[in-house]
Structures are given as C-alpha cells and as structure tokens.
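In: predicted model follows, preceded by the sequence.
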Amino acid sequence: METLTVHAPSPSTNLPSYGNGAFSLSAPHVPGADPLLVQVVYSFFQSPNMCLQALTQLEDYIKKHGVSNPLTLQIISTNIGYFCNADRNLVLHPGISVYDAYHFAKPAPSRYDYRSMNMKQMSGNVTTPIVALAHYLWGNGAERSVNIANIGLKISPMKINQIKDIIKSGVVGTFPVSTKFTHATGDYNVITGAYLGNITLKTEGTLTISANGSWTYNGVVRSYDDKYDFNASTHRGIIGESLTRLGAMFSGKEYQICFLVKFTLKKVVSDNIRAGIPAFLCSLYNSVLVIRIFNISLLTMVHAIIHSLTLRAFSFKWDKKCFFIFNIC
C-alpha cells in the first residue's frame with residue numbers, strides 16, 4: 001500500500017514565473033463608478049463574505065489541481081500571504097479599513113514573507129481566520145494572541161448560570177459572583193467563531209437585586225487561552241468548517257491563542273416580572289406608583305391594570321409609564 005504524505009505549503013517566496021498566483025476578490029457588482037460603488041467595495045472587504053470568498057477560491061483550486069502539485073502549494077501560500085499582510089497592517093495601523101490594509105503599498109502584498117514578517121498578535125478582523133490557518137501551517141506551534149476588545153464579545157449575564165440562578169431564586173440583596181462559563185463566539189460573530197469557536201471565560205463581580213425585581217451586575221471578565229486545531233466540530237460555522245477542511249489537507253502544528261486585556265461587564269436591568277411574583281401584581285404596583293405621583297382617579301387605575309394585563313406594557317421607566325397612562329385616559 002502506497003502512502004502519500006502532503007506537507008504544508010512553503011510560505012510565499014514571491015516567485016514571478018506565473019504571475020504570483022494571487023486570486024482576485026470580487027465585491028458585489030454595482031454599475032457606475034460613484035460613491036455607492038466605493039461604499040459597496042469597502043463594505044465587502046469589511047464583511048465575512050470576503051474571507052469566505054477567499055477560502056472558497058482556495059478549496060476550488062485545490063480540488064481542480066490537486067493538493068500535491070507544487071504550483072498549487074505555492075498559489076495557496078501566496079494567497080494566504082495576502083491576508084497575513086493585511087492583518088499585519090491592521091495591527092500596526094489601528095483604525096484603517098480592511099480594504100486599505102489589503103492594498104497597502106508599503107510593503108506591497110506580493111512582497112509579504114511569512115518567515116520574516118509574521119506577527120504574534122492577530123487583529124481579530126475578517127482577515128484573522130485565514131491568518132490563524134497560516135500560523136497552523138507555518139508557525140511551528142508558537143503562541144499567538146488577539147486583543148479581546150477587538151473580537152466583539154457579546155456576553156449576557158443571564159447566560160451565566162450562577163448569575164441566572166441567583167436572580168431566579170427570588171432573593172434580594174448583594175451577592176458576590178465568581179464563576180467560569182463557556183461562551184459560544186460563533187452564535188453572533190461568524191469571524192470570531194471561525195477560529196475561536198467556544199471559549200472558556202471567568203467572571204468576578206457583584207450582583208445586586210432590588211425588592212422590585214430590578215438587578216445590576218458589575219464585574220470583570222477574563223479569558224482562558226484557546227487551542228487552535230482542526231478537530232471536527234459543529235459550532236465553527238461555514239467559514240470555520242472551510243478552514244477545517246483546508247487544514248485537514250496539510251500537516252501543521254496546533255498552537256495556543258492567548259487573549260490580551262480583561263474587560264468590564266456591567267448590566268442594569270429594570271424588570272417588573274421577577275421570579276415568583278405574578279404579572280398582575282407587578283402591574284398593580286406600577287399603577288399605584290403612577291397614581292401617587294399624578295393623582296389619577298381609581299377608574300383610571302383600573303383601566304391601567306386591564307390594559308397592562310392585555311398589552312403587557314410593563315416598565316419601570318417613568319417616561320414610559322406616563323406615556324402609557326396618558327394614552328389610555
């Protein structure tokens with residue numbers, strides 16, 4: 001039985017004999033050459049579609065020409081190098097657009113050399129999934145990092161079991177919180193989910209619950225380093241699974257991605273429907289508060305309760321209470 005071993009493609013060395021082999025990224029077609037066209041092109045380069053298009057081109061090329069063809073390997077490394085160069089520019093020049101980072105003239109994308117120009121930090125932008133693949137192929141297992149502030153984490157305290165359980169228990173007071181929890185980055189960010197997937201975080205802070213059911217959580221969130229590999233999964237999304245297929249075609253080394261900077265998580269919720277208190281009592285409580293302030297008649301109070309139960313217009317914000325009462329009188 002004959003065994004074929006496919007190694008990772010060599011980092012781009014800019015061989016000019018076949019035009020460097022860079023694919024062309026195509027934004028959605030818009031007729032004309034006006035500001036709308038510019039906006040569409042810039043928006044495309046900021047979107048996950050840019051990353052997905054590049055990965056699709058790489059996969060299609062490999063299927064057509066074969067993974068063991070030296071020319072195929074060189075073209076793969078060249079196109080990945082374009083993304084590495086763009087990601088490098090995004091780290092070195094915070095605030096520039098992905099389009100400008102991709103087309104930066106100094107150094108030219110075609111002159112990118114992974115051996116001398118790769119960086120430990122990744123930008124966390126739409127270029128990062130392909131850069132994460134590059135580090136798997138050529139990084140020899142060296143640790144990489146991403147600023148946690150750049151990856152758009154959206155964390156709801158109610159998705160953290162310890163916080164949720166305390167709130168639902170119906171207690172009142174101030175409670176310390178310290179717990180680890182798993183967070184699925186791919187639920188809302190296809191780019192972050194592509195190379196991070198599910199990550200483990202830890203939060204420490206204080207949860208304060210008032211008698212009216214409103215609560216405040218004020219704490220910090222820290223991360224645990226994540227391992228980048230190509231294990232089969234169901235949570236990486238379409239871009240992540242494309243990366244998995246590409247990575248499985250070559251030999252590489254898994255590595256750790258560490259997160260820079262902790263961040264603050266603060267959530268204030270005014271909620272009149274708390275655990276164990278029927279909705280109509282909350283409605284009655286709201287109406288009585290309004291009556292005390294505006295001296296509204298008992299009949300109006302009854303109307304308010306009925307409409308509250310029917311329309312579920314519950315709020316602890318005074319402006320909304322006033323608006324609700326005056327519209328039913």
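Out: Perfect, I can see it now.

In: identify each buried residue in the helix ranked longest in the chain, please.
Out: For the chain, the helix reaching the highest residue count under DSSP state H is reported as helix 70-92. For helix 70-92, burial by neighbour count (16 or more other CB atoms under 10 Å) applies to 72-91. (C-beta placed from N, C-alpha, C; glycine too.)

In: could you dump it to PDB, C-alpha only?
Out: The C-alpha coordinates for helix 70-92 follow below in PDB (Å, rounded to 0.1, in the frame of the first residue of the first chain):
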ATOM      1  CA  PRO A  70       4.000  22.200  -6.200                       C
ATOM      2  CA  LEU A  71       2.300  25.000  -8.200                       C
ATOM      3  CA  THR A  72      -0.900  24.500  -6.200                       C
ATOM      4  CA  LEU A  73       1.000  24.800  -2.900                       C
ATOM      5  CA  GLN A  74       2.800  28.000  -4.000                       C
ATOM      6  CA  ILE A  75      -0.500  29.600  -5.000                       C
ATOM      7  CA  ILE A  76      -2.100  28.700  -1.700                       C
ATOM      8  CA  SER A  77       0.800  30.200   0.200                       C
ATOM      9  CA  THR A  78       0.700  33.400  -1.900                       C
ATOM     10  CA  ASN A  79      -3.000  34.000  -1.300                       C
ATOM     11  CA  ILE A  80      -2.800  33.200   2.400                       C
ATOM     12  CA  GLY A  81       0.200  35.700   2.500                       C
ATOM     13  CA  TYR A  82      -2.100  38.500   1.200                       C
ATOM     14  CA  PHE A  83      -4.300  38.000   4.200                       C
ATOM     15  CA  CYS A  84      -1.400  37.800   6.600                       C
ATOM     16  CA  ASN A  85      -0.100  41.100   5.200                       C
ATOM     17  CA  ALA A  86      -3.500  42.800   5.600                       C
ATOM     18  CA  ASP A  87      -3.900  41.500   9.100                       C
ATOM     19  CA  ARG A  88      -0.400  42.800   9.900                       C
ATOM     20  CA  ASN A  89      -1.300  46.200   8.700                       C
ATOM     21  CA  LEU A  90      -4.500  46.200  10.700                       C
ATOM     22  CA  VAL A  91      -2.500  45.500  13.900                       C
ATOM     23  CA  LEU A  92       0.200  48.100  13.000                       C
END
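
In: where do the helices sit along the protein?
Out: Ranges of helices in the chain, per DSSP H, are 35-46, 48-65, 70-92, 98-102, 114-117, 128-138, 161-168, 190-195, 237-248, 279-294, 298-311, 318-328.
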